[in-house]
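K.L.:
Below are the sequence and a predicted model for it; my questions follow.
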Amino acid sequence: MGSDASSAVTELQLTSMAHGGSALGRDSSANERVTFVPFGIPGEKVAVRIVDEKPRYAYAEIVDIIEPSPDRIAPRCQHYGVCGGCHLQHVSYDRQLSLKREVVVDQLQRIAKIANPAVGNTIPSPSSWNYRNSVSFSITKSGQLGFHRFFRGGTTDDHDDPVVPIQECHIIDSRLLDLFRDFDLELPDLTRLTLRVGAYGDLLVLFEIDSVEPPSLEVDFPVNASILLPTGEVANLVGENKIQEHCAGRDWQVSASSFFQVNPQAAETLVSLVMDRAQFSGSENVLELYSGIGLFTEALSNRASHIVAVEASPNAVADAEVNLADTDNVELYQGDAEVAMTHLSEQEFDLVVLDPPRTGVSFNVIDAIVNIEPRRIVYVSCDPATLARDIRRLTPAGYALVSAQTLDMFPQTYHVETIALLEKR
C-alpha cells in the first residue's frame, strides 16, 4: 500500500455489520470494494482513511462522522479503541443486540447457504457491564499487565508492543478489578495471568510461566492461587485449586484451568435454551461433545435415558465427576472428540449436543456424527462463522436448520452465542 492510499480521505455510507465488529461500506470504485470500518455503525455516513488495502477489500479508520447514528453513545472506558477487548461500547445496547442477530443471519445466508434462516431476536444479558467472572491478562514488554491492542486491519497501530497496559475494565466483575489493582508482581517468567471470582466471592489466581520451577507466593488477603507450568500441570500455591460457581439452581466445582461460562447470569438462560431445543420424551440416548465440567450434562441427565459426555480436559472431567456424583445415567469419556468418536461409532444416539470452541467442529467429528444419524443436533456456538460452516457440512447428510436463537453472553464485544437446532429430514 502506497503512502497516497494511506493518507487519502474518502466518504463512505456504512450499510451493515461484519462478523468481527467492523461496519461495512463500499467505495465508489468500479467493483465497489468492501471496506471494513471499526467503530462505525450501519446507517452512518463517515469520512475514512484507508489503513490497509487489498484487491477486493480494505480496512479504514474513521476521520470524521458526517452523519452519526442515533444509536451512537460515548464509550465508558478510557482504553476503548486502543485495547482490543471491546468492540461495541460506542453502540447503544439495544442496537448491539440487533446487530448481533443480523451478523448471525448474514453468516447463515452466505456460508451455510440458508436463504431465510429462522433466527430469534437476541436475548439480552442480565447485566451489560461488569458481567465477566474471569479475565486473562497478557504481559507488556515492560512487565505490566494488559490486554492485546485493537487489531486495525493488517496492523496493531504500528506499536512495537502488542499488549497495552490497562488501569480499568468495565466488563469484568468489579471484584476482579479490585484484585487486579492489588497486584504487585515481580515474576520475570510470567506469560499470562488469569483472575476468577466464584459465586460466593472466592478469588482464584492462575499464573502461567515459562519456568519449570513454581515460585513462592505470599499474599495478605484471602485468595486461591495456582500456577500452570509449561508441562501443562497445575501446581497449587495458596489455598485451593478451585472455586465454586452457582448456575441452574445448584453449585459447581470449577478448577483453575477448567472452562466455565464467563457470564454466569446469562448461562442460566443458555442451559434453558439447550433443554428447550432437546425436546425430550424421556427415552433418549444422548451424546454430548465438549462437555466441560458438566453444566449441560446434569440438566440433560434429568430428562434423558442415558448420556455419554466427552471432554478433552482431564481437569474438567475431574470436576465433572464431582459435579455429577449424584447422577446414575451419565458415562464420562475423557479424550479428544475425534478419538472418542472412533469408539462410539457403533452406538445409537437420538440426540447430539455440541458446545465446541470458537474453531468449531472438525471434519472427522462431523463425519462421525453423520454416521451415527441422530434425529436432532443441538449446536451451541460462540462463533457464527464456524457454526455456519459446520451446518453447511451437515446439510448434504439431510440435516436442516430448524431454528437458531442468539443470546448475548458478551456485551460490548462482537461475540455472540447461538443455540441452533438441526433435525434429520
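P.N.:
Nice, thanks for sending it over.
K.L.:
where in the stretch 201-350 of the chain is pLDDT low?
P.N.:
211-221 (pLDDT under 70).
K.L.:
one more time with 80
P.N.:
210-222, 229-233 (pLDDT under 80).
K.L.:
Strands along that one, start to end?
P.N.:
For the stretch 201-350 of the chain, the strands defined by DSSP state E, counting those that start in this stretch cover 203-209, 224-228, 234-238, 242-247, 250-255, 285-289, 306-311, 330-334.
K.L.:
How far does the helix of greatest length in the chain sit from its chain's centre?
P.N.:
Criterion DSSP state H: the longest helix present in the chain is helix 93-110. When C-alpha coordinates are averaged (Cα atoms, centre = their mean, to the nearest Å), helix 93-110 and its chain have centres 16 Å apart.
K.L.:
and what of stretch 177-185?
P.N.:
Distance, centroid of stretch 177-185 to centroid of chain: 25 Å (Cα atoms, centre = their mean).
K.L.:
What of stretch 352-370?
P.N.:
The answer for stretch 352-370 is 16 Å, by Cα atoms, centre = their mean.
K.L.:
Let the chain start at 16 from now.
P.N.:
Right, with 16 as the first residue, what we last looked at is stretch 367-385.
K.L.:
neighbouring contacts of it?
P.N.:
When contacts are defined by Cβ atoms under 8 Å, 6 or more residues apart in numbering, stretch 367-385 is touched by residues 289, 293, 301-307, 311, 315, 352-353, 356-357, 359-360, 387, 389, 391-398, 401-402, 404-405, 408-409, 412, 414. Just so you know, the C-beta spots here come from the backbone N, C-alpha and C atoms, and that holds for glycine as well.
K.L.:
Next one, pLDDT for the residue nearest to R41 when sequence neighbours are not counted please.
P.N.:
In space, and not counting its chain neighbours, R41 is closest to E47: 4.1 Å by Cβ to Cβ, 6 or more residues apart in numbering. E47 is assigned 74 on the pLDDT scale.
K.L.:
Now do E47 against Q28, distance only.
P.N.:
As for E47, its distance to Q28 is 11 Å (criterion: Cβ to Cβ, to the nearest Å).
K.L.:
So which of the two has more stuff around it?
P.N.:
The neighbour count for E47 versus Q28, taken as other Cβ atoms under 10 Å, is higher for Q28 (13 against 10).
K.L.:
immediately after the longest helix of the chain, which helix or strand?
P.N.:
Proceeding N to C from helix 108-125, the next assigned helix or strand is strand 134-138, under DSSP states H and E.
K.L.:
Buried residues in that following strand, which are they?
P.N.:
Buried residues in strand 134-138, counted by 16 or more other Cβ atoms under 10 Å: 134, 137-138.
K.L.:
Next: stretch 388-397.
P.N.:
389, 391-397.
K.L.:
Kindly report the same for stretch 264-282.
P.N.:
Those would be 267-279, 281-282, for stretch 264-282 by 16+ other Cβ under 10 Å.
K.L.:
ok, now stretch 92-108?
P.N.:
92, 94-96, 98-106, 108.
K.L.:
and if you look at stretch 239-249?
P.N.:
For stretch 239-249, burial by neighbour count (16+ other Cβ under 10 Å) applies to 239-244, 249.
K.L.:
Farthest pair within those?
P.N.:
N239 and L244 (17.0 Å; Cβ to Cβ).
K.L.:
Pull the distance from stretch 81-94 to the chain's centre.
P.N.:
24 Å.
K.L.:
Could you list the residues in contact with stretch 205-223?
P.N.:
So stretch 205-223 is contacted by 148-154, 158, 160, 188, 190-191, 194-195, 198, 200, 202, 224-225, 230, 237-243, 249, 252, 257-262, 266, 269, 271-272, 279 (Cβ under 8 Å, 6+ apart).
K.L.:
Selection in ChimeraX covering whichever of those residues are buried, please.
P.N.:
With 16+ other Cβ under 10 Å as the criterion, this ChimeraX line picks the buried residues out of those:
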select :148,149,150,152,153,154,160,188,191,194,195,224,238,239,240,241,242,243,249,252,257,258,260,262,269,271,272,279
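K.L.:
what sits opposite L208 in the beta ladder?
P.N.:
F152, F222 (DSSP bridges).
K.L.:
sorry, back to before: name the SS class of the residue nearest to R41, please.
P.N.:
Three-state call for E47 (DSSP: H, G, I helix; E, B strand; the rest coil): coil.
K.L.:
Sweet, I'm off.
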